[in-house]
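can't give you the sequence, but here's the structure:
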């Protein structure tokens, strides 16, 4: 029986009610702390990590290049999901306004059945019962 909310602790498995995810940016210190989850391999239990990335010795040029990697991957996904006519326009675009692109991405987010099911799987039994009650009351 697999439990996606379990963390391997030696040979024991400890239950984790809920994983917290966050991003904390400290501009003065040039650091970013990301709290998220990782898996050692596909199908392994999630483990929560809190990694601090120190950008203090990274040049502005290096930061822009690094940021462009993420934006480029996002753009590739948008391209794959676009209609053919929109893909043609995207190919011809020479300059992409990243602020506009990111705002559109945030506004366009729509949870899928798969993402909702995954989120529900992470809820405790009590949280699921509360959610079910709220859903039944909203009808």
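That came in fine, so what should we check first? Predicted model, so just to flag it, every value in this text is computed and none were measured. Numbering: from 1, shown residues only.

which strands and helices sit next to the longest helix along the chain?
Counting residues, the longest helix found in the chain (DSSP state H) is helix 60-81. Counting contacts by 3 or more Cβ pairs under 8 Å, 6 or more residues apart in numbering; DSSP states H and E, helix 60-81 is packed against helix 84-92, helix 98-108. No exception for glycine: its C-beta is placed from N, CA and C like everyone else's.

Quick one: mean pLDDT over that helix.
For helix 60-81, mean pLDDT is 92.

So which bits of that helix are buried?
Residues of helix 60-81 classed as buried by neighbour count (16 or more other Cβ atoms under 10 Å): 75, 78.

what angle do it and helix 84-92 make?
160 degrees (axes from the mean of the first three to the mean of the last three Cα atoms, to 10 degrees).

And the protein, what are its domain boundaries?
1-56, 58-108, 109-139 (automatic domain parsing).

Least reliable of those by average pLDDT, please.
domain 1-56 (a mean of 76).

just to revisit the earlier point, would CSV of the helices and strands packed on helix 60-81 with mean neighbour count be doable?
What follows is the helices and strands packed on helix 60-81, written out as CSV (neighbours: other Cβ atoms under 10 Å):
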stretch, mean neighbour count
helix 84-92, 10
helix 98-108, 11
